[in-house]
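>>> Starting from these lines, generate the structure:
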Amino acid sequence: MRRSKLYKAQAEKYDGQQRYSVAEAFEVLKSFPAVKFDQTVEVAYKLGIDPRKSDQTVRGAVALPAGTGKTVRVCVVADGAAAEEAKAAGADVVGYDEVVGRIKDGWLDFDVLIATPDAMKLVRPLGRQLGPRGLMPNPKTGTVTETPGAAVREAKAGRAEFRADRGACVHVPLGKLSFEVAALKQNFDAVSDAVVKAKPATAKGAYILSCTISATMTPGVKINVKELVRAEK
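Predicted coordinates for the structure are as follows:
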């Protein structure tokens, strides 16, 4: 198989079979040859769950202490005092029937959608538009709430949602490769804690089977999961 110059240069920087400590793994990631844009860093977990079982769903959201490194566009479906609260918190778009109508017509120019519980009667029928893009508000992720102002501030500061896929894998963005190692590790620790806390009560045996970090155009760097297992205990 023919490999690109970038791949060969990256392969010289690390041992693809080694399990690194979290801090070492980020150092390896940052040692790879630079590209022309600021890459997004992501962590991937393989979990010991059976996602076919409804009682083994892993889903949640976590505030990233060091932020995401990007501007987050927040839309809120609310009215009355809740709408005013969302506006004061810095939401980009706030409305009720008119916002739902725009979404129904195909408008999806936002990254996070927040709704009050009473507004969900209008939002639920938009599942076909919102669901495939991961934009449907959900109480488990804090995007269906009576206090949209706090949810807006959290989303703007840096917040990541996660959900196990059919292969029992969870992928979560951690920020940008330009972040300091300490900031990336801060976000990693927060995400790992949230994933551990989301462990289903019915999941037996080992929970975090493997963990890998990577950036947009880099190979994956494997983490020594013993660190995470200790944290889990």
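>>> residue boundaries of the helices in the chain?
For the chain, helices defined by DSSP state H occupy the ranges 5-11, 22-31, 80-88, 97-104, 120-123, 127-130, 148-158, 181-197, 226-232.
>>> For the third one, buried residues please.
By neighbour count on 16 or more other Cβ atoms under 10 Å, the buried set for helix 80-88 is A82, A83, E85, A86, K87. Where C-beta positions appear, they are placed from N, C-alpha and C, glycine not excepted.
>>> in terms of contact, does the second one touch V94 like I think?
Yes. Look at A83 against V94 with Cβ atoms under 8 Å: they come within range, at 5.1 Å.
>>> any shared contact partners between these two?
V76 (Cβ atoms under 8 Å, 6 or more residues apart in numbering).
>>> before we move on, the earlier item: and of the buried residues of helix 80-88, the nearest to G220?
Among the buried residues of helix 80-88, A86 lies closest to G220 (Cβ to Cβ), at 38.2 Å.
>>> got the contact list for E27?
By Cβ under 8 Å, 6+ apart, the contact list for E27 reads V181.
>>> if we go to 10 Å?
For E27, the contact set (Cβ atoms under 10 Å, 6 or more residues apart in numbering) comprises Y14, Y20, S21, V181, L184, V221.
>>> you'd agree the fourth one is up against F26?
Translated: V181. Yes. With contacts counted by Cβ atoms under 10 Å, V181 reaches F26, the gap being 4.6 Å.
>>> neighbours around R3, how many?
Residue crowding around R3 was assessed by other Cβ atoms under 10 Å; the count is 10.
>>> which of the helices of the chain sits most buried?
Among those, ranked by average contacts under mean count of other Cβ atoms under 10 Å, first place goes to helix 148-158 (a mean of 22).
>>> Tabulate the CA atom coordinates of it in PDB.
The C-alpha atoms that make up helix 148-158 are tabulated as PDB, following Å, rounded to 0.1, in the frame of the first residue of the first chain:
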ATOM      1  CA  PRO A 148     -32.200  28.000  29.200                       C
ATOM      2  CA  GLY A 149     -29.800  30.900  30.300                       C
ATOM      3  CA  ALA A 150     -27.500  28.500  32.100                       C
ATOM      4  CA  ALA A 151     -27.600  26.000  29.200                       C
ATOM      5  CA  VAL A 152     -26.700  28.800  26.700                       C
ATOM      6  CA  ARG A 153     -23.800  29.900  28.800                       C
ATOM      7  CA  GLU A 154     -22.500  26.300  29.100                       C
ATOM      8  CA  ALA A 155     -22.800  25.800  25.400                       C
ATOM      9  CA  LYS A 156     -21.000  29.000  24.600                       C
ATOM     10  CA  ALA A 157     -18.200  28.300  27.100                       C
ATOM     11  CA  GLY A 158     -17.600  24.800  25.600                       C
END
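>>> Centre-most residue in the protein?
Centroid-nearest residue in the chain, with Cα atoms, centre = their mean: A160, separated by 3.3 Å.
>>> where does the protein have low pLDDT?
1-2, 229-233 (pLDDT under 70).
>>> can you do 80?
1-4, 7, 227-233 (pLDDT under 80).
>>> burial measure for G69, as a count.
Using other Cβ under 10 Å, the number of residues around G69 comes to 19.
>>> Please apply the same query to G131.
10.
>>> gap between it and L113?
11 Å (Cβ to Cβ, to the nearest Å).
>>> just E85 next, same as before
Separation of E85 from L113 (Cβ to Cβ): 16 Å.
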